[in-house]
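Visitor: sequence plus predicted model, see below.
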Amino acid sequence: MGEATEPAGWAEAQHAARTAYGRLVAWLAWQWRDVAAAQDALGEAFVAALTHWPSEGVPAAPEAWLLTVAKRELLMQSRHRKVTQAPEVLALFDIEPTAENAPTIPDRRLQLMCACVHPAVPDHLHAPLMMQVVLGLGAQTIARAFLESPSAMAQRLVRAKARLREANVTFETPESDELPQRLQALREALYGAYTVGSNLASPAPEAEPALCEEALFLTSLLAQLQPRDAEAHGLLALMLHAQARRPGQFDETGVFVPLTQQDTRTWRHELLRQGEAALVHAASLRQPGPFQLEAAIQSAHNQRAFTGHTPWAAIVELYALLVAQTGSMGARIGHAVAVSEAGDTRTALTLLDAVPADVVVAHQPYWAARAHLLARAGRSQEAAAARERAMGLTADERVRRFLAQAPAAPTMTSEFKRLSE
């Protein structure tokens with residue numbers, strides 16, 4: 001049986017969905033002041049594209065075609081509500097895009113992302129809302145990534161968009177005094193989305209492999225739209241350096257490979273170079289921040305691809321700065337691991353001992369790191385107990401097998417995992 005072929009127009013519709021969805025829904029929401037209605041209308045436009053493009057051919061300006069259909073759908077909705085003369089309806093049709101002027105459609109994605117982190121939306125929904133609204137990911141996909149039931153996630157997203165509508169969000173760039181706070185929330189939400197997709201201790205870490213790429217895409221977009229935001233470029237550098245190593249996380253048989261043992265030839269060197277460029281740009285802006293420190297740590301790890309060794313002493317110093325700035329669990333664990341790798345396991349265990357017991361009860365990276373350091377210190381029975389605890393907190397079978405291999409198995413906590421704190 002031959003391979004099934006996609007219908008004509010399918011690839012073009014997919015491309016438009018990937019590259020234009022966020023820009024089009026942002027423009028519609030900016031005019032219509034209703035994210036949910038804009039999403040629904042654009043969804044109908046994509047359905048129409050899959051219906052008409054295979055038989056009629058792909059239009060010369062696919063984005064303009066989609067926007068026109070979506071606007072007509074919104075007009076039909078307004079007629080049902082008898083508000084066809086409302087200002088937002090009339091403004092919606094000020095621009096009738098054609099093949100010639102389609103590229104001039106204003107890019108409102110930054111405003112839309114800022115709307116997703118509006119104070120009316122609970123913090124824990126910032127990242128999921130951006131994933132759905134700006135990227136068009138389905139509630140089921142987002143629910144699996146954030147360990148929620150699809151129905152619960154769908155209801156929360158509906159309520160979040162209703163809150164935006166009720167709060168009469170204007171979809172304009174926040175004022176200068178409010179923008180830094182919104183940008184910080186944006187960066188945290190994007191970081192959260194990336195860590196959800198990359199957290200190997202989660203129940204389904206391999207379920208949404210595209211989530212990291214989508215978060216990276218949005219972070220790249222944020223950096224483009226905010227070229228003077230050093231932390232946006234620091235976050236981009238951090239993700240690029242981490243993403244570059246993903247091909248080396250598992251060998252050809254599916255066995256987990258810790259960072260210190262990965263074959264650097266499997267890493268994506270072009271992403272490493274892009275990460276370094278983003279980090280250099282961030283540093284040139286002279287606005288130091290924690291994302292830049294985290295990116296510098298990942299950059300130092302990745303120097304092994306070029307020098308053959310890891311500069312552990314420098315990593316210890318960087319982690320110490322990060323701990324001083326954030327005091328985060330991930331920073332404290334990473335600092336302890338780096339201190340041990342630099343040759344002082346006794347001090348490293350002291351650093352772990354200083355972490356309050358009540359905050360690490362279910363924190364898998366802590367117990368994985370503790371097992372590794374205890375084994376190094378020759379405290380085999382304690383190491384075995386910590387390893388068992390780490391295994392019990394790890395749902396990924398591949399990682400559980402790795403932890404069970406040997407008492408002194410290298411730790412996996414060199415990867416950043418702030419979201420799991």
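Guide: Structure received. Keep in mind the model is a prediction, meaning the values are calculated, not measured.
Visitor: what is the neighbour count of Val47?
Guide: Neighbourhood size, Val47 [other C-beta atoms under 10 Å]: 13. For every residue, glycine as well, the C-beta is placed using N, CA and C.
Visitor: before we move on, what about the one 10 residues further on?
Guide: Burial measure for Gly57: 11 neighbouring residues, criterion other C-beta under 10 Å.
Visitor: distance check, it against Trp65.
Guide: 11 Å (C-beta to C-beta, to the nearest Å).
Visitor: next SSE after the helix or strand of the chain with the lowest mean pLDDT?
Guide: Using mean pLDDT, DSSP states H and E, the weakest-scoring helix or strand in the chain turns out to be helix 87-92, at a mean of 51. Going down the chain from helix 87-92, the next helix or strand is helix 109-116, by DSSP states H and E.
Visitor: how far is that following helix from where the chain is centred?
Guide: 15 Å (C-alpha atoms, centre = their mean, to the nearest Å).
Visitor: what does whichever helix or strand comes after that helix contact?
Guide: Next helix or strand after helix 109-116 toward the C-terminus (DSSP H and E): helix 126-133. Contact with helix 126-133 is made by 22, 25, 29, 35, 39, 112-113, 116-117, 121, 137-139, 141-142, 145-146, 153, 156-157, 160-161, 185-186, 188-190, 192-193, 196, 211, 214-215, 218, as judged by C-beta atoms under 8 Å, 6 or more residues apart in numbering.
Visitor: what about helix 126-133, distance to the chain center?
Guide: Averaged C-alpha coordinates place helix 126-133 at 10 Å from its chain's average position (C-alpha atoms, centre = their mean).
Visitor: do the same with stretch 287-305
Guide: Worked out by C-alpha atoms, centre = their mean, stretch 287-305 lies 17 Å from the chain centre.
Visitor: just the CA trace of it, in CSV.
Guide: Once non-C-alpha atoms are left out, stretch 287-305 reads as follows in CSV (Å, rounded to 0.1, in the frame of the first residue of the first chain):
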residue,chain,number,x,y,z
GLN,A,287,20.9,45.2,31.9
PRO,A,288,22.0,42.2,34.0
GLY,A,289,19.3,39.7,35.0
PRO,A,290,18.7,36.1,36.1
PHE,A,291,17.8,34.8,32.6
GLN,A,292,21.2,36.0,31.3
LEU,A,293,22.9,34.3,34.2
GLU,A,294,21.1,31.0,33.4
ALA,A,295,22.0,31.4,29.8
ALA,A,296,25.6,32.0,30.7
ILE,A,297,25.5,28.7,32.8
GLN,A,298,24.2,26.8,29.9
SER,A,299,26.7,28.4,27.6
ALA,A,300,29.5,27.3,29.9
HIS,A,301,28.2,23.7,29.9
ASN,A,302,28.2,23.8,26.1
GLN,A,303,31.8,25.0,25.8
ARG,A,304,32.6,21.3,26.1
ALA,A,305,31.6,21.0,22.5
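Visitor: need the mean per-residue confidence for that stretch.
Guide: On average, the pLDDT along stretch 287-305 is 97.
Visitor: what residues sit buried inside it?
Guide: 289-305 (16 or more other C-beta atoms under 10 Å).
Visitor: for stretch 241-258, buried residues please.
Guide: By neighbour count on 16+ other C-beta under 10 Å, the buried set for stretch 241-258 is His241, Ala242, Gln243, Ala244, Arg245, Arg246, Gly248, Gln249, Phe250, Phe256, Val257, Pro258.
Visitor: and what of stretch 176-188?
Guide: Neighbour count says stretch 176-188 has Leu179, Arg182, Leu183, Ala185, Leu186, Arg187, Glu188 buried, by 16+ other C-beta under 10 Å.
Visitor: outline the domain layout of the protein.
Guide: Domain assignment for the chain, taken from automatic domain parsing, gives 10-107, 311-421.
Visitor: next one: phi and psi at the residue nearest to Arg346 when sequence neighbours are not counted?
Guide: Nearest residue to Arg346, sequence neighbours excluded (C-beta to C-beta, 6 or more residues apart in numbering): Ala377, at 6.9 Å. Note on Ala377: backbone dihedrals following degrees, to the nearest 10 are phi -80, psi 0.
Visitor: can you list the residues that contact stretch 270-289?
Guide: Under C-beta under 8 Å, 6+ apart, the answer for stretch 270-289 is 223, 228-231, 233-234, 236-241, 243-244, 292, 295-296, 298-299, 302, 305, 325.
Visitor: out of the residues you listed, which sit inside helices?
Guide: Judged by DSSP state H, those include 223, 230-231, 233-234, 236-241, 243-244, 292, 295-296, 298-299, 302, 305, 325 as members of helices.
Visitor: quick check: mean pLDDT of the helix or strand where Thr51 lies?
Guide: Element membership for Thr51 (DSSP H and E) is helix 35-56. In this model, helix 35-56 has a mean pLDDT of 86.
Visitor: who are the packing partners of the helix or strand following that helix?
Guide: Once the chain leaves helix 35-56, the next helix or strand it forms, by DSSP H and E, is helix 62-80. Judged by 3 or more C-beta pairs under 8 Å, 6 or more residues apart in numbering; DSSP states H and E, the packing partners of helix 62-80 are helix 10-32, helix 35-56, helix 87-92.
Visitor: for the ones you listed, which one ends up most surrounded?
Guide: helix 10-32 (a mean of 20; mean count of other C-beta atoms under 10 Å).
Visitor: what is the mean pLDDT for that one?
Guide: The average of the pLDDT scores along helix 10-32 is 76.
Visitor: do stretch 381-399 as well
Guide: Taken as a whole, stretch 381-399 has a mean pLDDT of 90.
Visitor: buried ones in it?
Guide: Glu382, Ala383, Ala386, Arg387, Arg389, Ala390, Met391, Leu393, Thr394, Asp396, Arg398, Val399.
Visitor: now stretch 116-129
Guide: Those would be Cys116, Val117, His118, Val121, Leu125, His126, Ala127, Pro128, Leu129, for stretch 116-129 by 16+ other C-beta under 10 Å.
Visitor: just put these in TSV and tack on pLDDT and distance to His372.
Guide: Output for these, formatted as TSV (pLDDT from 0 to 100; distance: C-beta to C-beta, whole Å):
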residue	pLDDT	distance to His372
Cys116	89	38
Val117	89	37
His118	89	42
Val121	91	39
Leu125	91	35
His126	91	34
Ala127	86	30
Pro128	88	33
Leu129	90	37
